[in-house]
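# Structure for this input, please:
(chains A and B)
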Amino acid sequence: MDESTIASRGLWGDALVRLRHDRAASVALALLGFLALAALIAPLLSPWRYDSLDWQHLASPPGIADAHWLGTDRLGRDLLVRTLHGLRLSLLLAGLASGVSLLIGVLWGAAAGLSGGRIDGAMMRFVDVLYSLPYLFVVIILTTLFPRGSLAVLALALAAVGWLTTARIVRAQTLALKRREFLEAARATGAAPARILWHHIVPNVVGPVVVYGTLIVPQMILFESFLSFLGLGVQEPQASLGNLIYAGAQEMESAPWMVLVPATALVLLLLCLNVLGDGLRDAFDPRER
Amino acid sequence: MLKLALRRIAALLPTLLVIVTLSFAIIRLAPGGPFDAEQGVSPAVRANLERLYGLSKPLHVQYLRYLRALAHGDFGPSLRQRDFTVRELIAQGLPISATLGLCAIALALLGGIPAGIAAALWRSPAADFSVAAIAALGMALPSFVIGPLLALVFGIYLRWLPVAGWQPGTARYLLLPVLTLALPLAVALARLTRASLLEVLRAPYVRSARARGIGEARLVWRHALRPALLPVASYLGPATAFVITGSLVVEAVFGLPGTGRYLVQGAIDRDYPLVMGMVIVYGILTLLLNLLADLACGWLDPAIRHG
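Coordinates of the predicted model:
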């Protein structure tokens, strides 16, 4: 390839081109966009709400000719609408939790790397200790602190365990940046530490953080479904992929579609996110290949 | 090796103390109490209940009392499951959970590592593609999806194995749960083994060994495998955490009377002693298995052993 044209495109444009050449990642991106769009729009188009009961169709199997394309559950609630509702909730929670955890991780890691010395040691030691705890226990304990079913609390509990790896990545990047001339120049002109952190460190660590962020989102979706599956996350009548799968697993013998529909949605979602994440990592860091 | 082991064992107790203290603090700072759900309890009766279980004392007194009891192996009474102490509940469930977890780890190791070695040695475009596909699928299939799917296929359609339940002393009921727990882990281990063995096989010393005319089987077995297994051994720590959290789900899916439900139900009921007991038991298990993983790393890598 011609070196000069690549250089002129810059990091983002270059990554975008590489991503478009990655067929698996492109398909994943398209499918993901379709799923997200369906989750956003479809509940508005359907005559059913996620919690509306249809007494004429209790536990009816899937069928295109019927009123409910993907069947209903034991209470006559439309499974397609509920699954899409769960998809929306999962995406929303995972997005929120990933955003918060990335923000905490970037600030924590940058602050630790920038301070150096004993403060750095103490801050990273704290991260190490949290790492060694079984994180889902921490989440389980955190979810019991507050009334169950609160989405904000759930997002925070998920974010509380997601920021550790980000903090480590950002700290390593910050240590490398610290020795560069432009930071020395910033310090020499008397910029305050907070200004250096926000204006010089954070923009420079965004690349690796974005890449790691795409790997965090599927993890958060997994944790959320896990908690909801156990009954500690999203509560009925709200639908989440986790509690739909749990409810479906109880009815498996007589109505297998009740578990298959939400399970397929979850697997598809995770598959797309993982493939896209791998594609993005390759696109941003072609040396890894 | 002995020095390494002693150093790690010495570090266990402080870590355990941190876990106990943290979980005690978090659980007790939570709003809401274990007797909130009691119907028609007058304030006087509730105060009596709290005094009976020592909940009216200052927190630090409760903490010290708990630690002292703990040192004698006493986890206290369960607040919601009357007539049972936490120790009795754990003693009922732990053998089942432990059997489940250990069988799953063993199966994952025995299945995953050889599969990874095979995938690294016999490479072809088709094989590489199926490895990538299986790995991607394995990452996207959490245990609470695999479990119901396996139960659906083997329990309901084929009727080979029971869908759920438990009878003491019968392996049939454990087969699907163990498989559910082991499958994702085996995929992860195989992927790790394959990647690391491929990297080792590119190393200069492997090339020189080949140049000296050593047979391929001997090369892999005697020279390449040991360093290649190092990342696999260090993955055993996270793998334990995975098995423990996974067992919560698997026990719920297959209706096994293990310890997983105590943690979840205890958390919902705010049954403090039960949750604390479970956290401590799972904490000890995690620490011990991590210790084993560390020792395995030390055995594989002289630099760690003598470091």
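# ok, A:Tyr50 touching A:Pro237?
Yes. In this structure, A:Tyr50 is within contact of A:Pro237 by CB atoms under 8 Å, at 7.3 Å. Using the backbone N, CA and C atoms, a C-beta is placed for each residue, glycine as well.
# how about the host helix or strand of B:Leu94, does it get close to chain A?
Using DSSP states H and E, the element containing B:Leu94 is helix B:86-121. No. With CB under 8 Å from any CB of the partner chain as the criterion, chain A is not reached by helix B:86-121; the gap is at least 12.9 Å.
# What residues of that helix count as buried?
For helix B:86-121, burial by neighbour count (16 or more other CB atoms under 10 Å in any protein chain shown) applies to B:86-87, B:89-90, B:93-94, B:96-97, B:99-101, B:103-105, B:107-109, B:111-113, B:115-117, B:119-120.
# How about stretch A:153-167?
By neighbour count on 16+ other CB under 10 Å, the buried set for stretch A:153-167 is A:154-167.
# who's in contact with the most centrally placed residue in chain A?
Nearest residue to the geometric centre of chain A (CA atoms, centre = their mean): A:Val217, 1.8 Å. Contact analysis of A:Val217 by CB atoms under 8 Å, 6 or more residues apart in numbering or on different chains lists A:94-95, A:98, A:273, A:277.
# Which parts of the chain are helices?
Just so you know, I chose chain A. Counting by DSSP state H, chain A has these helices, from start to end: A:3-21, A:23-45, A:79-115, A:117-132, A:135-145, A:151-178, A:181-188, A:193-195, A:202-230, A:241-250, A:257-284.
# switch to chain B, that's the one I care about
Counting by DSSP H, the helices of chain B are B:2-29, B:43-52, B:59-71, B:86-121, B:125-140, B:143-150, B:172-201, B:204-211, B:216-218, B:225-228, B:230-254, B:260-269, B:272-300, B:302-306.
# is any part of the third one close to chain A?
What that stands for is helix B:59-71. No. Helix B:59-71 does not reach chain A (CB under 8 Å from any CB); its nearest approach is 15.5 Å.
# With just CA atoms, put that helix into PDB.
C-alpha atoms of helix B:59-71 as PDB (Å, rounded to 0.1, in the frame of the first residue of the first chain):
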ATOM      1  CA  LEU B  59     -21.400  -2.400  64.500                       C
ATOM      2  CA  HIS B  60     -17.800  -2.800  65.600                       C
ATOM      3  CA  VAL B  61     -18.900  -5.000  68.500                       C
ATOM      4  CA  GLN B  62     -20.900  -7.200  66.100                       C
ATOM      5  CA  TYR B  63     -17.900  -7.400  63.800                       C
ATOM      6  CA  LEU B  64     -15.500  -8.500  66.500                       C
ATOM      7  CA  ARG B  65     -18.000 -11.000  67.800                       C
ATOM      8  CA  TYR B  66     -18.500 -12.400  64.300                       C
ATOM      9  CA  LEU B  67     -14.700 -12.700  63.800                       C
ATOM     10  CA  ARG B  68     -14.300 -14.600  67.100                       C
ATOM     11  CA  ALA B  69     -17.100 -17.000  66.300                       C
ATOM     12  CA  LEU B  70     -15.700 -17.400  62.800                       C
ATOM     13  CA  ALA B  71     -12.300 -18.500  64.200                       C
END
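# still on that earlier bit, can you lay out the helices of chain A as JSON lines showing mean pLDDT?
As requested, the helices of chain A are exported to JSON lines (pLDDT from 0 to 100):
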{"stretch": "helix A:3-21", "mean pLDDT": "64"}
{"stretch": "helix A:23-45", "mean pLDDT": "84"}
{"stretch": "helix A:79-115", "mean pLDDT": "89"}
{"stretch": "helix A:117-132", "mean pLDDT": "82"}
{"stretch": "helix A:135-145", "mean pLDDT": "69"}
{"stretch": "helix A:151-178", "mean pLDDT": "84"}
{"stretch": "helix A:181-188", "mean pLDDT": "86"}
{"stretch": "helix A:193-195", "mean pLDDT": "84"}
{"stretch": "helix A:202-230", "mean pLDDT": "83"}
{"stretch": "helix A:241-250", "mean pLDDT": "86"}
{"stretch": "helix A:257-284", "mean pLDDT": "85"}
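# What distance do you get for the residue nearest to B:Arg305 when sequence neighbours are not counted to B:Thr286?
Sequence neighbours aside, B:Gly298 is the residue nearest to B:Arg305 in space, at 4.5 Å (criterion: CB to CB, 6 or more residues apart in numbering or on different chains). Using CB to CB, to the nearest Å, B:Gly298 is found at 19 Å from B:Thr286.
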